[in-house]
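J.: pasting the structure only:
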């Protein structure tokens, strides 16, 4: 199916563990994004990527790592999860006048 | 300073009435894009409408229209003939210039009353 998918949809982990959230898009959009959504903050950009092997920091990058070896995939890794990283994470890809979102991953860090 | 400001945390509207959701933005870049998204209780983000800074006409998409007032730096979303299914969070966002950072407001929760 065309579109943008995220996995897992729900994840519970413990403080200090490494977690990777996956994002896959089928449109071949050059730009991809990772956001976190927290109550009272709206969506905040973590990282974005302009193309394969090109990534850049957004507003809240600390504690996160991204990679983009293929255009269609943009994984987000929490190297050592903290409770403050409990959030809903959205991946998105962008055409010129639109930005399409994945369904989100709800991450809980205990 | 906030790039996007949505001053209405919550709004109520009677079914079949029109409602305006406010959004103001802050940028010194002459080229930018403004977006509105709907987020129902199920959590997905749904793109609604786009307005480019150089667009002469206000954008419209079905029952959604964007009231773009460039001098006031406002980009209000107007929903006509509200339906119960319009109950959701609504987010305004901006993309500056050729950059690819999107800035989001904190959202407005809309409740449509039967």
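T.: Ah, there it is. What you see is a predicted model; the values in this text were computed from it and never measured.
J.: so what's residue A:79 up against?
T.: Residue A:79 is in contact with A:18, A:63-65, counting by Cβ atoms under 8 Å, 6 or more residues apart in numbering or on different chains. C-beta coordinates here come from the backbone N, C-alpha and C atoms, glycine included.
J.: got it, and residue B:15?
T.: If you count contacts by Cβ under 8 Å, 6+ apart, then residue B:15 has B:82-84, B:112-114 around it.
J.: nearest to residue A:83, of those?
T.: residue B:112 (36.0 Å; Cβ to Cβ).
J.: remind me which helix or strand the closest one belongs to.
T.: Here residue B:112, judged by DSSP states H and E, is contained in strand B:108-113.
J.: ok, that strand: who's next to it in the sheet?
T.: strand B:10-14 (parallel), strand B:88-96 (antiparallel) (DSSP bridges).
J.: check those for me and report the most buried one.
T.: strand B:88-96 (a mean of 23; mean count of other Cβ atoms under 10 Å in any protein chain shown).
J.: quick one: contacts of stretch B:20-33?
T.: Under Cβ under 8 Å, 6+ apart, the answer for stretch B:20-33 is A:97, B:1-8, B:11, B:34, B:36, B:50-54, B:67, B:72-79, B:90, B:92, B:94-98, B:105, B:108, B:110.
J.: wait, isn't residue B:113 in contact with residue B:11?
T.: No. Between residue B:113 and residue B:11 there is no contact under Cβ atoms under 8 Å: 10.7 Å.
J.: one step back: buried among the contacts of residue A:79? Make that a ChimeraX selection.
T.: Buried residues among those (16 or more other Cβ atoms under 10 Å in any protein chain shown), as a ChimeraX selection:
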select /A:64
